[in-house]
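Trainee: Sequence first, predicted coordinates after that:
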Amino acid sequence: MNMILNLYALCGEVRDARKMFDKMPQRDVVTWNTMMTVLVKRGDVEEAYDLFLRMPERNVRSWTLMISGFAQRGKPKEAVRVFLEMEEAGVRANEVTVVAVLAACADLGDLDLGRRVHEYSSRSGFGRNVWICNTLIEMYVKCGCLEDARRVFDAMKDRTVVSWSAMISGLAMHGQAEEALRLFSNMVEIGMDPNHVTFVGLLHACSHMGFVDKGREFFERMTADYGIVPRIEHYGCMVDLLSRAGLLQEAYEFIMNMPIKPNGVVWGALLGGCKVHRNIELAEVATKHLAELDPLNDGYYIVLSNIYAEAQRWEEVASVRKLMRDRGVKKTPGWSSITVDGVVHEFVAGDEAHPQAEEINQMWEKLLERMRMKGYVPNTSVVLLDMEEEQKEKFLSRHSEKLALVFGLIKTKPGTPIRIMKNLRVCEDCHAALKLVSEIAEREIVVRDRNRFHCFKNGYCSCRDYW
């Protein structure tokens with residue numbers, strides 16, 4: 001009966017498979033796993049989990065199915081929860097389990113669990129598994145531990161194109177463009193051919209550091225030297241590269257000459273450049289396209305509204321906000337998270353509800369005094385609201401990354417690196433403040449925002465103020 005059920009599954013006959021499963025008088029663990037696999041592959045992870053909860057007996061495959069299923073469907077918290085339950089049940093993870101939970105740790109930025117799983121993997125003899133090593137590189141990169149990622153990469157005896165691409169992309173995300181390009185040269189020297197992912201990483205590296213000519217060169221080389229046809233991701237990187245560098249007209253012409261239809265990411269890259277370089281005309285063009293391609297994405301409306309606000313065109317600001325209300329688009333609140341002793345603490349902008357809010361505010365005021373002595377002046381221009389300067393300064397002090405940072409300073413030992421996850425782009429004022437705090441507190445502060453990593457150390461940032 002299990003063979004017939006598996007046959008239905010292989011043929012994609014999900015309904016027939018489920019009917020047969022429900023009518024089977026006897027089911028063993030293989031039966032349950034087969035049906036759960038069918039549902040997970042179809043994307044019905046919640047239905048698969050319902051079956052999982054009903055299983056009279058589970059094996060490592062049962063647990064791994066749910067962990068990987070949740071991780072692949074963008075539910076890393078649920079994946080980690082199931083993994084911890086698996087540990088409590090005394091079931092030992094296999095190599096597939098390790099890959100799945102590491103991927104979840106990468107998405108969450110859960111460094112503590114990621115390191116623990118890495119140690120387990122090494123003790124279990126999985127150290128030479130290339131798949132696990134590649135996932136470890138990604139996990140450490142996304143958790144802000146570039147040095148650990150590099151150690152894993154350097155220790156690998158057998159590297160695939162995925163290994164090289166993951167390390168190049170990681171260096172790019174952390175603002176180490178020169179090292180990313182050097183690593184690519186090493187990759188080519190040993191005879192390893194790059195793939196399309198490698199070139200996404202290289203173009204990101206050029207974009208984050210403003211290497212316009214080098215970016216153009218890589219875009220040409222990927223087809224001329226390696227026969228790789230550019231995908232939408234590569235076009236998006238090129239538009240981002242040109243837009244960040246202020247070459248907005250060239251970026252627009254590049255979009256108009258694309259052989260494939262530009263998507264929201266491409267137009268969004270142009271819009272981002274328009275905000276940095278205050279180009280209202282092209283911002284309006286980009287937003288018109290984005291309104292059609294991604295009408296419910298609040299980020300694009302906010303960027304255009306901010307561009308108008310910076311130009312003090314308040315009628316247009318009001319018009320954009322009315323359009324958002326009419327279309328039912330709600331602004332995504334900014335939040336930041338920090339993990340201390342294995343517990344994730346989340347802060348939202350303006351958070352006054354945290355149990356230690358008063359202590360956090362007092363600590364910030366003390367820091368602010370020392371920051372002002374070093375020349376810090378709150379950049380109230382980033383607060384695009386009609387209010388008094390004093391109110392703007394208070395508003396800035398309640399940005400979520402500042403709250404998470406101060407909490408980290410309070411809760412961790414001196415000298416301990418502080419790692420913060422943020423869902424939006426770091427604002428100019430927070431960027432300036434975190435540079436100063438890294439020097440005053442003598443801490444390394446790593447912030448992963450929506451676009452990249454910022455590593456603040458000794459008063460400097462790895463992005464070199466180009467972001």
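Mentor: Perfect, thanks for sending it.
Trainee: Check the offset of stretch 279-289 from the chain's centre.
Mentor: A distance of 26 Å separates the C-alpha centroid of stretch 279-289 from that of its chain, computed with Cα atoms, centre = their mean, to the nearest Å.
Trainee: quick one: contacts of that stretch?
Mentor: Stretch 279-289 has contacts (Cβ atoms under 8 Å, 6 or more residues apart in numbering) with 248-249, 252, 262, 267-268, 270-271, 273-275, 300-301, 303-304, 307-308, 311, 313. (Glycine included, C-beta is placed from N, CA and C.)
Trainee: try it again with 6 Å
Mentor: For stretch 279-289, the external contacting residues (Cβ atoms under 6 Å, 6 or more residues apart in numbering) are 248, 252, 267, 270, 271, 274, 304, 307.
Trainee: With stretch 393-403 instead?
Mentor: With Cβ under 6 Å, 6+ apart, stretch 393-403 has contacts from 334-336, 347-351, 360, 364, 378, 383, 420, 422, 429-430.
Trainee: Of these, which is the nearest to residue 392?
Mentor: Nearest to residue 392 among the contacts of stretch 393-403 is residue 383, at 4.2 Å by Cβ to Cβ.
Trainee: And the pLDDT for that closest one?
Mentor: pLDDT, residue 383: 68.
Trainee: Same question for residue 142.
Mentor: 93.
Trainee: What residues of the longest helix along the chain count as buried?
Mentor: Counting residues, the longest helix in the chain under DSSP state H turns out to be helix 357-373. Across helix 357-373, burial judged by 16 or more other Cβ atoms under 10 Å covers 360, 363, 364, 367, 368, 371.
Trainee: Low-confidence ranges, the stretch 301-450 of the chain, go.
Mentor: Along the stretch 301-450 of the chain, the model assigns pLDDT under 70 to residues 382-389.
Trainee: quick one: the strands in it?
Mentor: Under the criterion DSSP state E, counting those that start in this stretch, the stretch 301-450 of the chain contains strands at 335-340, 343-348, 418-422, 445-448.
Trainee: which one of those lies closest to residue 227?
Mentor: strand 445-448 (34.3 Å).
Trainee: That closest one: partners in the sheet, and parallel or antiparallel?
Mentor: Next to strand 445-448 in the sheet, as set by DSSP bridges, lie strand 418-422 (parallel), strand 453-457 (antiparallel).
Trainee: could you dump these to TSV with mean neighbour count and distance to residue 194?
Mentor: What follows is these, written out as TSV (neighbours: other Cβ atoms under 10 Å; distance: least, Cβ to Cβ, whole Å):
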stretch	mean neighbour count	distance to residue 194
strand 418-422	24	30
strand 453-457	22	23
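Trainee: got a list of contacts for stretch 240-255?
Mentor: By Cβ under 6 Å, 6+ apart, stretch 240-255 touches 206-207, 210, 212, 215, 239, 262, 269-270, 273, 277, 279, 282.
Trainee: Now do the buried residues in that stretch.
Mentor: Across stretch 240-255, burial judged by 16+ other Cβ under 10 Å covers 240, 241, 242, 243, 244, 245, 247, 248, 251, 252, 254, 255.
Trainee: could you dump the residues you listed to JSON lines with distance to residue 291 and pLDDT?
Mentor: Converted to JSON lines, the buried residues of stretch 240-255 look like this (distance: Cβ to Cβ, whole Å; pLDDT from 0 to 100):
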{"residue": "240", "distance to residue 291": "20", "pLDDT": "96"}
{"residue": "241", "distance to residue 291": "25", "pLDDT": "97"}
{"residue": "242", "distance to residue 291": "22", "pLDDT": "98"}
{"residue": "243", "distance to residue 291": "19", "pLDDT": "97"}
{"residue": "244", "distance to residue 291": "23", "pLDDT": "94"}
{"residue": "245", "distance to residue 291": "26", "pLDDT": "95"}
{"residue": "247", "distance to residue 291": "24", "pLDDT": "97"}
{"residue": "248", "distance to residue 291": "19", "pLDDT": "97"}
{"residue": "251", "distance to residue 291": "19", "pLDDT": "98"}
{"residue": "252", "distance to residue 291": "17", "pLDDT": "98"}
{"residue": "254", "distance to residue 291": "21", "pLDDT": "98"}
{"residue": "255", "distance to residue 291": "16", "pLDDT": "98"}
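Trainee: Can you lay out the strands of the stretch 301-450 of the chain as a markdown table showing distance to residue 456?
Mentor: Below are these laid out as a markdown table (distance: least, Cβ to Cβ, whole Å):
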| stretch | distance to residue 456 |
| --- | --- |
| strand 335-340 | 14 |
| strand 343-348 | 18 |
| strand 418-422 | 9 |
| strand 445-448 | 4 |
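Trainee: So which of these is nearest residue 34?
Mentor: Among the strands of the stretch 301-450 of the chain, the nearest to residue 34 by Cβ to Cβ is strand 343-348 (34.8 Å).
Trainee: partners of that closest one, with directions?
Mentor: Strand pairing for strand 343-348, determined by DSSP bridges: strand 335-340 (antiparallel).
Trainee: How far does the strand it pairs with sit from its chain's centre?
Mentor: 14 Å.
Trainee: With stretch 178-194 instead?
Mentor: Here the centre of mass of C-alpha atoms in stretch 178-194, compared against the chain's by Cα atoms, centre = their mean, lies 24 Å away.
Trainee: Any buried residues in that stretch, and which?
Mentor: Using 16+ other Cβ under 10 Å as the test for burial, stretch 178-194 gives 179, 180, 181, 183, 184, 187, 192, 194.
Trainee: Could you verify that residue 97 is part of a helix?
Mentor: Yes - under DSSP: H, G, I helix; E, B strand; the rest coil, residue 97 falls within a helix.
Trainee: For residue 147, give its distance to residue 134.
Mentor: Noted for residue 147: a distance of 17 Å to residue 134, by Cβ to Cβ, to the nearest Å.
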